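Peer 1: predicted coordinates and the sequence they were generated for:
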Amino acid sequence: MANFVGSIDLGSVLCKHCGNLIDTVDTEKVMIYYSDCLQCNKEGSKKVEEKQYEY
Ligand SMILES: [Zn+2]
């Protein structure tokens, strides 16, 4: 009997800001991780910079 389980990435890494799929990870069961995608990371650091300029 062939066993195909283990070749599929079940874990998904989603951006907590825009919901974009950032990456997939190999996990034993369905898991969803939340992180920041590059675009939201960029916008976040830009906002901080702007805030620093305001002060
Ligand atoms: Zn994002």
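Peer 2: Noted; the coordinates are in hand.
Peer 1: residue numbers of this protein in contact with the ion?
Peer 2: 15, 17, 18, 37, 40 (CB under 5 Å from the ion). (C-beta placed from N, C-alpha, C; glycine too.)
Peer 1: the second one reaches residue 37, doesn't it?
Peer 2: Yes - at 7.3 Å, residue 17 and residue 37 qualify as touching, with contact defined as CB atoms under 8 Å.
Peer 1: more neighbours: which of the two?
Peer 2: More neighbours sit around residue 37 than around the other of residue 17 and residue 37, counting by other CB atoms under 10 Å; the figures are 19 against 15.
Peer 1: let me know the pLDDT of that one.
Peer 2: Per-residue confidence for residue 37 comes out at a pLDDT of 93.
Peer 1: swap in residue 48?
Peer 2: Per-residue confidence for residue 48 comes out at a pLDDT of 56.
Peer 1: list the buried ones in the helix or strand encompassing residue 34?
Peer 2: With secondary structure defined by DSSP states H and E, residue 34 is part of strand 31-35. Residues of strand 31-35 classed as buried: none (neighbour count, 16 or more other CB atoms under 10 Å).
Peer 1: just checking: what are the partner strands of it?
Peer 2: Paired neighbours of strand 31-35 in the sheet (DSSP bridges): strand 11-15 (parallel).
Peer 1: against which helices or strands is the helix or strand following the partner strand packed?
Peer 2: Proceeding C-terminally, strand 11-15 gives way to strand 21-25 as the next helix or strand, assigned by DSSP H and E. Contacts defined by 3 or more CB pairs under 8 Å, 6 or more residues apart in numbering; DSSP states H and E place strand 21-25 against strand 11-15, strand 31-35.
Peer 1: one more time with 6 Å
Peer 2: Here strand 21-25 touches strand 11-15, going by 3 or more CB pairs under 6 Å, 6 or more residues apart in numbering; DSSP states H and E.
Peer 1: what angle sits between the strand it packs on and strand 21-25?
Peer 2: Taking axes from the mean of the first three to the mean of the last three CA atoms, to 10 degrees, strand 11-15 and strand 21-25 form an angle of 160 degrees between their directions.
Peer 1: alright, that wraps it up for me.
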